[in-house]
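Enquirer: kindly generate the corresponding structure for this input.
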Amino acid sequence: MLRRIRFADGRGGDAGVATSVLVMGVAIMLAGGFLMFGRIAQAGDMRNQAQIGADAAALGTLAPLRDKAVDELVGWGRDPSSVGYWMVDSPPGKVAEKYADKNESRATKVRLSGMMGYTAMVQAATKLCQLKKEDELTEQEKDDLRNGRNLCTDRAGKKGIGRSGTARAVAKLIPPDCVYDTGAVPPGSGGSGPVVRITCDGVLAYPNGDRAAITRLFKIRLVDDEDPVAYTGAPDGLSGGGGAVVSECAKTGKKPAEDLGFGAAVVAWSLCWLGTPYAWGGGNYSGPTRGICCSPGGYDGRLYFGFDCSGLTLYAVYQASRGRIALGHYTGDQVGDRRGRYVPTNALQPGDLLFFGSPPHHVAIYYGDGKMVEAPQTGDVVKISPLRSVTSARRFG
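Expert: All right, here's what the predicted structure looks like:
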């Protein structure tokens with residue numbers, strides 16, 4: 001072929017050789033280009049795989065938190081806002097790794113954000129890598145290769161030092177909007193009635209709610225950013241109030257010490273809100289809220305931002321337990337909660353819940369020294385009062 005090209009015009013010369021060299025050069029360039037394109041394509045594939053792994057891991061990390069919230073709502077009629085990631089049995093890193101592994105990736109970093117851990121960020125890397133050439137290795141990488149450290153495997157099963165595809169994803173749990181209907185309470189009661197019905201986005205959640213249908217209402221979505229509030233593994237207890245009222249502990253920066261005994265912690269958290277207005281139906285696990293309509297005496301709690309008697313106690317117990325004991329708002333639920341144990345009224349200790357009447361119409365917290373912390377009634381505030389005649393008492397923690 002070369003000979004025929006060279007002497008095609010009958011005169012000989014080097015024109016044919018030049019043409020051959022040019023053709024061969026183009027062929028080599030094309031081959032190199034194909035190799036380079038292949039490496040680029042492989043790198044792109046790994047990035048895509050890493051993104052799939054990161055997305056799945058971020059979404060999957062929040063699945064057990066969603067399931068726990070559904071359990072509290074459907075099974076017990078409790079507000080799912082009480083559920084933080086600290087109530088999930090497995091740590092987020094372990095959950096994320098399971099979902100990343102199913103998608104040929106590794107979860108290299110997992111971080112929750114938001115006070116309750118409702119947002120999850122996952123960084124992931126592919127299990128397979130693209131091996132580096134000898135001249136691409138740093139001195140440290142050469143040493144790692146000689147000593148078998150930090151090795152990865154390529155698609156052909158060869159081990160070496162290489163590049164993995166990497167990606168990042170952020171997911172957020174979005175609970176539905178729920179409406180809580182409460183039943184009647186005895187006249188003179190200092191707290192709201194029992195929860196008799198809960199509907200979420202128009203779907204019955206409690207009692208006898210369809211668990212699968214309610215689960216679908218809790219959305220887990222990929223989002224762009226993490227929550228600016230750090231997740232600490234426990235509720236902070238000072239963020240409630242909606243700006244209408246501010247905790248004395250937040251004002252002074254003196255948060256109850258973490259090494260307090262349970263009963264002392266119940267008292268300490270309740271004292272953070274001394275002077276906060278009474279609001280019928282007010283108070284949740286984070287702090288005071290706007291009240292609801294209406295008390296047996298006809299008072300409209302929506303006019304106030306604060307606590308009712310059982311709102312204060314459920315808040316204090318929840319904070320003292322670092323989010324692990326979420327009482328119902330109804331005083332009757334609290335006195336019957338099996339996580340607490342009966343205490344003789346002549347053997348009270350600080351932090352015991354005190355119930356008045358049978359059935360109970362009021363609940364307070366034993367302060368010690370013949371005193372109690374309570375949210376008494378409309379027109380009053382959270383305060384320390386002299387101990388009155390107690391019908392029964394329960395101790396939590």
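Enquirer: could you confirm T126 falls within a strand?
Expert: Yes. Per DSSP: H, G, I helix; E, B strand; the rest coil, T126 lies within a strand segment.
Enquirer: which SSE is the closest residue to it other than its chain neighbours in?
Expert: Excluding the flanking residues, the one nearest T126 by C-beta to C-beta, 6 or more residues apart in numbering is G165, at 4.2 Å. Backbone N, C-alpha and C define where each C-beta goes, glycine included. Applying DSSP states H and E as the criterion places G165 in strand 162-174.
Enquirer: next helix or strand past that strand?
Expert: Next helix or strand after strand 162-174 toward the C-terminus (DSSP H and E): strand 178-182.
Enquirer: using PDB, write out every CA atom in that next one.
Expert: Only the C-alpha atoms of strand 178-182 are listed here, as PDB (Å, rounded to 0.1, in the frame of the first residue of the first chain):
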ATOM      1  CA  CYS A 178     -52.800  18.600  61.200                       C
ATOM      2  CA  VAL A 179     -55.900  19.700  63.100                       C
ATOM      3  CA  TYR A 180     -56.500  18.500  66.700                       C
ATOM      4  CA  ASP A 181     -60.100  18.200  68.000                       C
ATOM      5  CA  THR A 182     -60.300  18.000  71.800                       C
END
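Enquirer: sorry, back to before: what residues of the strand holding G165 count as buried?
Expert: For strand 162-174, the buried set under the neighbour-count rule, 16 or more other C-beta atoms under 10 Å, comprises 162-167, 169-173.
Enquirer: partners of it in the sheet?
Expert: According to DSSP bridges, strand 162-174 forms sheet pairs with strand 119-131 (antiparallel), strand 219-223 (antiparallel).
Enquirer: show me what the mean pLDDT comes to for that strand.
Expert: Per-residue pLDDT over strand 162-174 has a mean of 96.
Enquirer: please identify the helix or strand for A57.
Expert: Following DSSP H and E, one finds A57 within helix 15-61.
Enquirer: which SSE is immediately downstream of that helix?
Expert: Proceeding N to C from helix 15-61, the next assigned helix or strand is helix 63-70, under DSSP H and E.
Enquirer: quick one on the thing from earlier: is it possible to get TSV of the strands paired with strand 162-174 that adds mean neighbour count, mean pLDDT and distance to G237?
Expert: Below are those laid out as TSV (neighbours: other C-beta atoms under 10 Å; pLDDT from 0 to 100; distance: least, C-beta to C-beta, whole Å):
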stretch	mean neighbour count	mean pLDDT	distance to G237
strand 119-131	24	95	20
strand 219-223	13	98	26
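Enquirer: who touches A124 in this structure?
Expert: 50-51, 53-54, 57, 100, 105-108, 166-169 (C-beta atoms under 8 Å, 6 or more residues apart in numbering).
Enquirer: what stretches of this protein score poorly on pLDDT?
Expert: Along the chain, segments meeting pLDDT under 70 span 1-43, 186-192, 242-243.
Enquirer: tell me the centre residue of it?
Expert: Closest residue to the average C-alpha location of the chain: G117 at 2.1 Å, with C-alpha atoms, centre = their mean.
Enquirer: in space, what's closest to it - neighbours in sequence excluded?
Expert: Closest to G117 by C-beta to C-beta, 6+ apart is Y85, at 3.1 Å.
Enquirer: same deal with D143?
Expert: R149 is the one closest to D143 (C-beta to C-beta, 6+ apart), at 7.8 Å.
Enquirer: check the secondary structure at the one you found for me.
Expert: Following three-state DSSP, we place R149 in the coil state.
Enquirer: what is the burial count for it?
Expert: By the criterion of other C-beta atoms under 10 Å, R149 has 11 neighbours.
Enquirer: again, but for V196
Expert: By the criterion of other C-beta under 10 Å, V196 has 14 neighbours.
Enquirer: what about it, distance to H329?
Expert: V196 is 12 Å from H329, where distance means C-beta to C-beta, to the nearest Å.
Enquirer: please apply the same query to A125.
Expert: 46 Å.
Enquirer: how about A120?
Expert: Taking C-beta to C-beta as the measure, A120 falls 29 Å from H329.
Enquirer: now the contacts of A124: which count as buried?
Expert: Neighbour-count burial (16+ other C-beta under 10 Å) applied to the contacts of A124 gives 50-51, 53-54, 57, 100, 105-108, 166-167, 169.
Enquirer: as TSV, the residues you listed with distance to L238 would be great.
Expert: What follows is the buried ones among the contacts of A124, written out as TSV (distance: C-beta to C-beta, whole Å):
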residue	distance to L238
A50	39
Q51	38
G53	37
A54	33
A57	32
A100	35
S105	38
R106	37
A107	32
T108	33
T166	38
A167	36
A169	31
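Enquirer: C294: which of the residues you listed is nearest?
Expert: A169 (46.4 Å; C-beta to C-beta).
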